[in-house]
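Enquirer: can't give you the sequence, but here's the structure:
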């Protein structure tokens with residue numbers, strides 16, 4: 001099987017060489033490495049150069065990493081380096097109380113609006129973080145007129161999911177599809193042509209037994225989604241890999 005991890009924080013992985021070799025051994029042919037702030041965007045570009053043809057960068061500002069004193073600098077860096085990037089992300093909204101305490105909702109919306117304007121201007125797909133902010137995230141993306149968007153690790157209501165699909169946008173599944181009821185519901189409801197798979201490495205997953213993801217764990221995502229959908233793993237791998245190739249404009253034949 002050929003697999004693509006469509007969302008990964010490679011700069012946070014300790015033994016990156018080993019993680020990449022392990023990912024290749026299970027069939028991963030590409031990883032989309034997402035940035036979260038000014039420093040991680042710089043790191044992602046360096047990693048993508050080191051692993052050229054395997055790691056593809058996306059540049060972003062994660063809502064939990066918004067520093068109002070550095071927003072303009074980060075936005076300028078993203079725009080200056082968009083020719084090197086396959087997407088803009090990770091960007092979006094996060095209404096968890098801990099995030100809102102450091103980045104109020106209106107500030108998050110303002111930053112997202114600005115970066116979506118960059119995406120629209122340069123015809124770049126966007127990777128949207130949308131925790132507890134599903135409808136607001138969709139509304140801003142739609143209003144910006146962005147052509148391609150993937151709502152990462154979607155756990156929101158079915159009504160917003162219908163809105164997402166109506167615009168031709170996608171969602172991505174993580175290993176949480178093994179156990180998270182809202183995420184499984186979304187994964188089962190979405191049309192396969194609007195689905196990507198990812199690991200969000202190195203996030204910790206699980207309920208009673210916690211474990212830390214790496215890109216090779218895309219296999220766990222694949223298995224969980226295939227089980228939820230009642231589809232063969234080989235068929236699902238082909239569909240989601242083709243979806244990722246088209247979404248990010250990767251240099252592979254689908």
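Expert: Looks like it came in fine. Keep in mind the model is a prediction, meaning the values are calculated, not measured.

Enquirer: what residues does stretch 238-252 touch?
Expert: For stretch 238-252, the external contacting residues (CB atoms under 8 Å, 6 or more residues apart in numbering) are 1-4, 6, 29-30, 32, 53, 56, 86-87, 125, 148, 150, 170, 192-197, 222, 225, 253-254. All C-beta spots, glycine's among them, are computed from the backbone N, C-alpha and C.

Enquirer: try 6 Å this time
Expert: 2, 4, 6, 30, 86-87, 125, 148, 192, 195-197, 254 (CB atoms under 6 Å, 6 or more residues apart in numbering).

Enquirer: just how off-centre is it within its chain?
Expert: Centre-to-centre, stretch 238-252 and its host chain are 14 Å apart (CA atoms, centre = their mean, to the nearest Å).

Enquirer: swap in stretch 133-148?
Expert: Going by CA atoms, centre = their mean, where stretch 133-148 is centred and where its chain is centred differ by 15 Å.

Enquirer: now, the contacts of stretch 238-252 that are in helices?
Expert: Among those, the subset assigned to helices under DSSP state H is empty.

Enquirer: among the residues you listed, the buried ones, what's the PyMOL command?
Expert: Buried subset of those, written as a PyMOL selection, criterion 16 or more other CB atoms under 10 Å:
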select buried, resi 4+6+30+86+87+125+148+195+196+197
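
Enquirer: quick one: the strands in the stretch 101-250 of the chain, in order.
Expert: 126-131, 149-152, 170-173, 195-197, 204-205, 211-212 (DSSP state E, counting those that start in this stretch).

Enquirer: among those, which comes closest to residue 24?
Expert: Closest approach to residue 24 among the strands of the stretch 101-250 of the chain is made by strand 195-197 (16.5 Å; CB to CB).

Enquirer: pull the residues that contact that closest one.
Expert: 6, 150, 170, 172, 173, 221, 240, 243, 244.

Enquirer: mind redoing it with 10 Å?
Expert: Outside strand 195-197, the residues within contact range by CB atoms under 10 Å, 6 or more residues apart in numbering are 3-7, 32, 127, 150-152, 154, 170-175, 177, 186-187, 190, 218-222, 224-226, 229, 236-237, 239-241, 243-244, 247-248.

Enquirer: buried set for stretch 116-128?
Expert: For stretch 116-128, using 16+ other CB under 10 Å, the buried residues are 116, 118, 119, 120, 124, 125, 126, 127, 128.

Enquirer: just give the nearest non-adjacent residue to the first one, would you?
Expert: Among residues not flanking residue 116 along the chain, residue 144 sits closest, at 3.7 Å (CB to CB, 6 or more residues apart in numbering).

Enquirer: ok now do residue 2, which residues does it touch?
Expert: Shown in contact with residue 2 (CB under 10 Å, 6+ apart): 27, 28, 29, 30, 237, 238, 240, 241, 242, 245, 252.

Enquirer: buried ones among those?
Expert: Those of the contacts of residue 2 that meet the buried threshold are 27, 28, 29, 30, 237, 240, 241, 242, 245, by 16+ other CB under 10 Å.

Enquirer: distance check, the second one against residue 22.
Expert: For residue 28, the distance to residue 22 under the criterion CB to CB, to the nearest Å works out to 9 Å.

Enquirer: overlap in contacts of the two?
Expert: Going by CB under 10 Å, 6+ apart, residues that sit against residue 28 and also against residue 22 are 215, 216.
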